[in-house]
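> Take a look and give me a structure for this.
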Amino acid sequence: MLSSPLAAFVLMLGYVLLIEVLGFYSATVLFLIAFMYYMNVRSPLTLLSTTGILISFIYLLFSVALKVRLPVGLLL
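As a prediction, this is how the structure comes out:
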């Protein structure tokens, strides 16, 4: 297993690379679930509810309130 800081770095690097392919929201959902699971959050309810709340907040703040266009990705 990778050491803790290196594994976290690899997850973040993968997240940045996935944003271009999957788009911001899809990559963020995958990253949040993977990172929380890596940090020993194992409850499916916690994983899904936290991810849903954060994605909703980011959407409302950036897309609705600030009208910022976030990367859509190549697959959408």
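> Every contact and neighbour count from this point should use C-alpha atoms.
Noted.
> Just the element for the most centrally placed residue in the chain, please.
Most central in the chain under Cα atoms, centre = their mean is residue 28, positioned 2.0 Å from the mean C-alpha point. Residue 28 is part of helix 24-38 when elements are defined by DSSP states H and E.
> elements contacting that helix?
In this structure, helix 24-38 packs against helix 4-22, helix 44-58, with contacts taken as 3 or more Cα pairs under 8 Å, 6 or more residues apart in numbering; DSSP states H and E.
> contact partners of it?
By Cα atoms under 8 Å, 6 or more residues apart in numbering, the residues outside helix 24-38 that reach it are 8, 11-12, 15, 18-19, 42, 47-48, 51, 55, 70-73.
> which of the residues in it are buried?
24-29, 31-36 (16 or more other Cα atoms under 10 Å).
> Between these, which sits nearest residue 4?
Comparing the buried residues of helix 24-38 against residue 4 with Cα to Cα places residue 35 closest, at 11.5 Å.
> What's the separation between the closest one and residue 15?
10 Å (Cα to Cα, to the nearest Å).
> where does residue 73 land on pLDDT?
You'll see residue 73 listed with a pLDDT of 89.
> Quick check: phi and psi at it.
phi 100, psi 170 (degrees, to the nearest 10).
> residue contacts, it?
Going by Cα under 8 Å, 6+ apart, the list of residues near residue 73 reads 19-24.
> Can you select the buried ones among those residues for me in ChimeraX?
ChimeraX command restricting the contacts of residue 73 to the buried ones, with burial defined by 16+ other Cα under 10 Å:
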select :19,21,22,23,24
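> Save the contacts of residue 73 as TSV, and put in pLDDT and distance to residue 65 too.
As requested, the contacts of residue 73 are arranged in TSV below (pLDDT from 0 to 100; distance: Cα to Cα, whole Å):
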residue	pLDDT	distance to residue 65
19	95	22
20	93	23
21	94	25
22	95	23
23	95	20
24	96	17
